[in-house]
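S.K.: predicted model follows, preceded by the sequence.
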Amino acid sequence: MRCLLFISCLLTLTACSSSYKHLQKTPGDIDCIEKFKPDFTKALYYTEVNIIGKHLSGLLLIKLMPDSTTRMVFSNEAGFKFFDFEFSPNGNFKVYYIIDQMNKKAVITTLRKDFEIVMMRQINMQHGYMSRDKDSAYNYYAFPQEKGFNYYITDTACSKLIRMERASSRKAVVKVTMQDYANGLPDTIGIMHTGFNFDIGLKRLETPIH
Amino acid sequence: MRMRKLILSLLFTIAFFSLNAQHPGYNAVTDTATFKHQFATASQKVNTIKSDFVQEKNLSMLSEKIISKGKFWFKKDNQVRMEYTQPFQYLMILNSSNIYIKDGQKENKISTKSNKLFQQINKIMVDCVKGSAFSNTDFNVKIFENKQAYLIELSPAAKTLKEIFKNINVLVDKKDYSVTTIEMHELSGDNTTINFINKEINTSLPDALFAIH
């Protein structure tokens, strides 16, 4: 019985321990991550979404509008539109259109937060700080959010973006990779949710917007 | 009296342009029965269609066009294969009540029986190329014409389609009654146009093209 109690306590403590507890605040130039901010003036990505056994694919158009808002339109290959979102520089967000099947608060909020971390929008340099794990080869640039943190993880020289994490106070909720930058745009973007089976993959398409 | 005549003629002019403003350059077809008969007769002679297509997605608010290209095959009675080749690879096969989709390495089989929206979209596609769009009860149909083409305007009657499409226009070549263009107009003002080019009618097409394994 004592043994069972001990194991329960151990499991509880393990479950509550933070994945980020090993990090220590370190002085450093947090502005260095600005160079990884994608230049979404106009970009088209072939996009695949897998969510709890369902699969969607299509084209995601991202465009910076003259009023400095960023529009994001996702439609399937035959032109059938799934959603049309607007992200404002001041953090505001507007849904112009979303199909009925996706029109749920939790879905919209999740997509909004996923793309905000990709666009590196919700980062306030004044509140950000750098952390490092003494055993790790990575820098963690942490930016407090309304709930939890956004982490931008680079090599120690801040020359390569390893991944980004949207995290609660204890663990990563979403892991994002952006790879093979060309002209300020990542060629591939991967968004993976850790808590449930939901991931988004984007592959840049070069030619076809006019 | 003169004033009355002037007002009347002005009203007629406005009414005339209002009628035609819907589809500039087209006039409404009054004898729809003859057209339906001719279209159905011509369609009956079409067993297969092989064609290239260019699809243009217009995002009105963003002032952007996304252009994709591919190949299209149709075989009687209701087999359609659409293969997008640029700027991405995407394959869709409609065969009876089943849809097969392959994007990248991912394969999907959907039974249209279990998905009403897919069923309706599937029906539009097949009806358009088969020439039976008039009998599709999901739509109210109006017909217009100019010298070269007929324009069949399909306005959704069914609720699910009404929420997506304002109307779907099918352009039919007067020479051979073949479909040249399908325009899908969304409520938001966006639209998707598919132009069929390099058409080959009644060329031999193997069943394997439409096989869903």
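M.R.: Structure's in. What do you need? Numbering: from 1, shown residues only, chains lettered A, B, ... in the order given.

S.K.: so where is chain B shaky, pLDDT-wise?
M.R.: Low-confidence segments of chain B (pLDDT under 70): B:1-21, B:111-126, B:128-134.

S.K.: 50 instead, please
M.R.: Applying pLDDT under 50 to chain B picks out residues B:8, B:10-20.

S.K.: can you list the residue ranges for strands in chain A?
M.R.: A:24-25, A:42-51, A:54-64, A:70-75, A:81-87, A:93-98, A:129-132, A:138-144, A:149-155, A:161-167, A:172-182, A:185-193, A:198-205 (DSSP state E).

S.K.: swap that for chain B, please
M.R.: Using DSSP E, the strands assigned to chain B run over residues B:27-28, B:48-59, B:64-75, B:79-86, B:90-95, B:98-103, B:106-111, B:139-145, B:149-156, B:165-173, B:179-186, B:191-201.

S.K.: give me every residue in chain B lying close to chain A.
M.R.: Contact residues, chain B versus chain A (CB under 8 Å from any CB of the partner chain): B:55, B:57, B:59, B:61-62, B:64-68, B:82, B:84, B:86-88, B:90, B:92, B:103-104, B:106, B:108, B:121, B:163-164, B:184, B:186, B:188, B:190, B:192. The C-beta positions use only the backbone N, C-alpha and C, and glycine is treated the same way.

S.K.: any chance of the strands of chain B in CSV, with distance to residue A:72 too?
M.R.: Formatted as CSV, the strands of chain B follow (distance: least, CB to CB, whole Å):
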stretch, distance to residue A:72
strand B:27-28, 40
strand B:48-59, 11
strand B:64-75, 12
strand B:79-86, 22
strand B:90-95, 21
strand B:98-103, 20
strand B:106-111, 22
strand B:139-145, 31
strand B:149-156, 27
strand B:165-173, 22
strand B:179-186, 17
strand B:191-201, 18
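
S.K.: identify the residue of chain A closest to chain B, quick one.
M.R.: Residue of chain A nearest chain B, by CB to the nearest CB: residue A:79 (3.2 Å).

S.K.: who's the closest residue to that residue other than its chain neighbours bridged to?
M.R.: Among residues not flanking residue A:79 along the chain, residue B:192 sits closest, at 3.2 Å (CB to CB, 6 or more residues apart in numbering or on different chains). Taking DSSP bridges as the rule, residue B:192 bridges to residue B:57, residue B:184.

S.K.: so what's residue B:192 up against?
M.R.: A:78-80, B:55-58, B:183-184, B:186 (CB atoms under 8 Å, 6 or more residues apart in numbering or on different chains).

S.K.: burial count for the nearest residue to residue A:81 once chain neighbours are set aside?
M.R.: The spatially closest residue to residue A:81, leaving aside those adjacent along the chain, is residue A:75, at 4.3 Å (CB to CB, 6+ apart). Residues near residue A:75, counting by other CB atoms under 10 Å in any protein chain shown, number 22.

S.K.: I'd guessed residue A:75 sits against residue B:57; true?
M.R.: Yes: using CB atoms under 8 Å, residue A:75 is in contact with residue B:57, at 6.6 Å.

S.K.: which regions of chain A sit below the pLDDT cut-off?
M.R.: Checking chain A against pLDDT under 50 turns up A:1, A:3-15.

S.K.: so what's the residue count around the closest residue to residue A:138 other than its chain neighbours?
M.R.: Spatial nearest neighbour of residue A:138, excluding adjacent residues (CB to CB, 6+ apart): residue A:153 at 5.2 Å. By other CB under 10 Å, the residues close to residue A:153 number 20.

S.K.: now swap in residue A:138 and tell me
M.R.: Using other CB under 10 Å, residue A:138 has 16 other residues around it.

S.K.: now residue A:180
M.R.: Per other CB under 10 Å, the neighbour tally for residue A:180 reads 9.

S.K.: which residues does the closest residue to it other than its chain neighbours contact?
M.R.: Excluding the flanking residues, the one nearest residue A:180 by CB to CB, 6+ apart is residue A:187, at 3.7 Å. By CB under 8 Å, 6+ apart, residue A:187 lies in contact with A:179-181, A:203-204.

S.K.: do the same with residue B:176
M.R.: B:42, B:201.

S.K.: state the distance from it to residue B:146.
M.R.: Going from residue B:176 to residue B:146 by CB to CB, to the nearest Å gives 16 Å.
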